[in-house]
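Participant: Take a look and give me a structure for this.
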Amino acid sequence: MKKQYIPALEYIRGLAMLGVIGIHTGAYSLSNQHVNIHLFALLEILTRFSVPIFFFVSAFGLFLQQKDLSAPLHYIAFMKRRIQAVFIPYVIWSLLYLLHSSIISHNFAVWSLPLLGKYLFFGLASYQLYFLVLLLWFYALMPLWRIMLRHMLQRPVASILSLLLLQIIFNYYSSYLLHPDLSNAYLNSFIDYRMNYWIAHYLFIFLLGALCALHFDLFKQVLKHYSGYISLSFLITTFGILFYYYYLLFYKGYSPQEAVFTDHQLSPIGILYTFSSALFWFMVFSSGKLPACITSTLKILGKHSYFIYLVHPFVMYVLSYLLSHRGLLMTAANTIVFYLLTLGISLTVSLVTVKVSTKLPKFGLFLTGSTPKTTKSVSA
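Facilitator: Below is the predicted model of the structure:
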């Protein structure tokens, strides 16, 4: 069956990629103790939908091709494709980042088998790679999602709202109340790094994407009929997540770093913000009313989002080193330049990689899980 192309999914990937780079740029901006709190809010708070919405897009793309959940799932073939698309690049990039950190720190202890296994299992080689670990778990449990969705389809609205409530409760407990103190350090790691592999943190947004794909025609009607309510909910949750951030800063006396560690995508307002963002941006990008310059830019970014996601921490490290070497602080202006350079260089490297891959297919296969003829996005 020919894969259905939905431009809105590509645009959302592009937008989410901009948000991910914003989050990581915000982290670098904290090197300036007088960080601009409003720019920090733009980079770190308003972008909080970025990682979860990738799971929404991922599930949407998967289940758009599996509308008949009673049909057999060819699990081995399914996983072979995902191992090529995600697992192999994940291992390659993990080893590259570990080699890089070992060289600059002159510490090669991480290459001992127990420690290397820990880094690979939890996605610790670089701060963005945990997403691929979670994605692999979602893929591996595909039979479970199909069973759950068959039941959810009987009462989709009640099911998704119930799941939303359970998600808020679970994430609140995991984010704010769970403080492990086990005597066994090995077991303690499984709780300490729970954000890196407990897919339960993102179950709601993943299954929401699946349900929207399974009822795609109805989903489009809902977006059109309730566009005003969707826009309003997006504005309310945007205000809510920003209000909570400034409340933590000015009323509770939190630092910007402490505020973002509290006001994140797994917080109650963060979950609602992600939910409304997924609906809002899908609605906007499906309207066909955006200028061509915006859609073409987002399409390019969406197409290259996977490689950009994988490579941009390398770019950020080099840029940070150059700034430090020149004694430049991450002022608001330098932070914006840092962001734009990271995006531009990462995209350029991706374009070069695609070109090289036409001559050396294995090169592209190892780094992106695909050849130029079958380029995949981060959510493939």
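Participant: Would you quantify the distance from the residue of the chain positioned farthest from its centre to Asp192?
Facilitator: For the chain, the residue at maximal distance from the C-alpha centroid (CA atoms, centre = their mean) is Ser183, at 32.9 Å. Relative to Asp192, Ser183 is positioned 14 Å away (CB to CB, to the nearest Å). C-betas here are computed from N, CA, C, even on glycine.
Participant: re earlier: and what about the residue farthest from the centre of the chain, helix, strand or coil?
Facilitator: Here Ser183 is coil, with the state taken from DSSP: H, G, I helix; E, B strand; the rest coil.
Participant: Run the chain-centre distance for the lengthiest helix in the chain.
Facilitator: In the chain, with assignment by DSSP state H, the single longest helix is helix 332-359. Here helix 332-359 is found 18 Å from its chain centre; the criterion is CA atoms, centre = their mean, to the nearest Å.
Participant: Between helix 332-359 and the helix or strand just after it, find me the angle.
Facilitator: Helices and strands here follow DSSP states H and E; after helix 332-359, the next one along the chain is helix 361-368. On the basis of axes from the mean of the first three to the mean of the last three CA atoms, to 10 degrees, helix 361-368 is oriented at 140 degrees to helix 332-359.
Participant: how about helix 361-368 as PDB, C-alpha atoms only?
Facilitator: Below are the C-alpha coordinates for helix 361-368, written out as PDB (Å, rounded to 0.1, in the frame of the first residue of the first chain):
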ATOM      1  CA  PRO A 361      24.900   4.400   0.700                       C
ATOM      2  CA  LYS A 362      26.200   2.600   3.700                       C
ATOM      3  CA  PHE A 363      27.300   6.000   5.100                       C
ATOM      4  CA  GLY A 364      23.800   7.300   5.100                       C
ATOM      5  CA  LEU A 365      22.400   3.900   6.300                       C
ATOM      6  CA  PHE A 366      24.600   3.900   9.400                       C
ATOM      7  CA  LEU A 367      24.000   7.600  10.300                       C
ATOM      8  CA  THR A 368      20.400   8.000   9.400                       C
END
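Participant: for that helix, what is the average pLDDT?
Facilitator: Mean per-residue pLDDT for helix 361-368: 90.
Participant: Provide the contact partners of it at residue level.
Facilitator: Helix 361-368 has contacts (CB atoms under 8 Å, 6 or more residues apart in numbering) with 84, 88-89, 92-93, 306-307, 310, 353-354, 356-357, 370-372, 375-376.
Participant: do the same with stretch 125-132
Facilitator: 20, 24, 51, 54, 86, 89-90, 93-95, 97-98, 101, 119, 122-124, 195-197, 309-310, 312-313, 378.
Participant: Would you confirm that Leu115 contacts Ala109?
Facilitator: Yes - between Leu115 and Ala109 a contact is recorded at 6.5 Å, counting by CB atoms under 8 Å.
Participant: Comparing these two, which shows the higher neighbour count?
Facilitator: A direct count of neighbours by other CB atoms under 10 Å for Leu115 and Ala109 places Leu115 higher, at 13 against 9.
Participant: OK, contacts around the more buried one?
Facilitator: Ala109.
Participant: give me that answer again for 10 Å
Facilitator: 98, 109, 124 (CB atoms under 10 Å, 6 or more residues apart in numbering).
Participant: what helix or strand is it on?
Facilitator: helix 113-122.
Participant: List the contacts of Glu35.
Facilitator: Not Glu; residue 35 is Val. 26, 28-29, 43-44, 255-257, 329-332, 335.
Participant: Most neighbours among those, which one is it?
Facilitator: Glu44 (27 neighbours).
Participant: Just the pLDDT at it, thanks.
Facilitator: Value for Glu44, per-residue pLDDT: 97.
Participant: Over to Ser277?
Facilitator: On the pLDDT scale, Ser277 gets 98.
Participant: In this structure, which residue is most central in space?
Facilitator: Short answer for the chain (CA atoms, centre = their mean): Val51, at 2.4 Å.
Participant: Check which helices and strands the strand or helix carrying it sits against.
Facilitator: Assigned by DSSP H and E, Val51 belongs to helix 50-64. Contact partners of helix 50-64 among helices and strands, from 3 or more CB pairs under 10 Å, 6 or more residues apart in numbering; DSSP states H and E: helix 7-29, helix 130-140, helix 142-152, helix 203-214, helix 216-225, helix 268-286, helix 305-325.
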